[in-house]
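Chemist: My questions are about this predicted structure, shown below with the sequence.
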Amino acid sequence: NAGVTQTPKFQVLKTGQSMTLQCAQDMNHNSMYWYRQDPGMGLRLIYYSASEGTTDKGEVPNGYNVSRLNKREFSLRLESAAPSQTSVYFCASSEATQRNTIYFGEGSWLTVV
Amino acid sequence: KQEVTQIPAALSVPEGENLVLNCSFTDSAIYNLQWFRQDPGKGLTSLLLIQSSQREQTSGRLNASLDKSSGRSTLYIAASQPGDSATYLCAVDTDKLIFGTGTRLQVFP
């Protein structure tokens, strides 16, 4: 039961460095999402992909880029990391963008120093 | 702008109690409402999904209700157990999921 798999689990970056968070789902879902979770802020949507070949901005897209590589994979890239991007990042997927149960990965803990 | 609020932020109860977690939202134009459980250091697990046309959903000891007109949902946990200790989040589905900040529940033996 792999579900949604994201890597890496933990990462420490220096300010200005770049990195990519990888996400893959094995449930043949059309829609995929990237969220960040910060204390007292709840989960906030960064980017989402309603279907293969499409991506859209969420609530907090600045400083991030995404790629929907194929139906299974959706990556999140930080081009020039900033301390404000220290957070826990969650990838998720669902059959469609609305009216469906959403499944989350285990999270990626990112610290930018 | 849709806002989702969960009260209380934290709750500590003895084992065996029946308890209610609250979720309120400001815009009733939603497709559905979902309740999630999050264990420390883990992702979110979907517990219940209530479509906007439904009033409640049940799964085992969990029952979630939805009153769209008043912008409220409750998650009822019957006969709580220490294993229920976790953070519970609700989220409303407009064209995107909007999450509350969660209620951290501790059930002690």
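Modeler: Yep, that arrived.
Chemist: Residue A:76 is in contact with residue A:21, correct?
Modeler: Yes - when contacts are counted by CB atoms under 8 Å, residue A:21 is listed as touching residue A:76 (4.4 Å). (C-beta placed from N, C-alpha, C; glycine too.)
Chemist: got any residues that touch both of these two?
Modeler: Common neighbours of residue A:21 and residue A:76, using CB atoms under 8 Å, 6 or more residues apart in numbering or on different chains, are A:34, A:89, A:91.
Chemist: The residue in chain A positioned nearest to chain B: how many residues sit nearby?
Modeler: Using CB to the nearest CB, residue A:104 is the residue of chain A that sits closest to chain B, at 3.8 Å. Using other CB atoms under 10 Å in any protein chain shown, residue A:104 has 22 neighbouring residues.
Chemist: Look up phi and psi at residue A:85.
Modeler: Dihedral pair for residue A:85: phi -90, psi 0, per degrees, to the nearest 10.
Chemist: Count the residues that sit near residue A:95.
Modeler: Neighbours of residue A:95 using other CB under 10 Å come to 15.
Chemist: Just give the closest residue to it, not the sequence neighbours.
Modeler: Taking CB to CB, 6 or more residues apart in numbering or on different chains as the measure, residue A:95 lies nearest to residue A:29, with 5.4 Å between them; neighbours along the chain are not counted.
Chemist: again, but for residue A:41
Modeler: Of all residues not flanking residue A:41 in the chain, residue B:101 sits nearest, at 7.0 Å (CB to CB, 6+ apart).
Chemist: Find the helix or strand that the one you found is a member of.
Modeler: Here residue B:101, judged by DSSP states H and E, is contained in no helix and no strand.
Chemist: repeat for residue B:12
Modeler: Here residue B:12 is covered by strand B:10-14, with elements defined by DSSP H and E.
Chemist: what lines up beside the helix or strand that that strand is followed by in the sheet?
Modeler: Using DSSP H and E, the helix or strand that follows strand B:10-14 in sequence is strand B:19-25. Paired neighbours of strand B:19-25 in the sheet (DSSP bridges): strand B:4-7 (antiparallel), strand B:72-77 (antiparallel).
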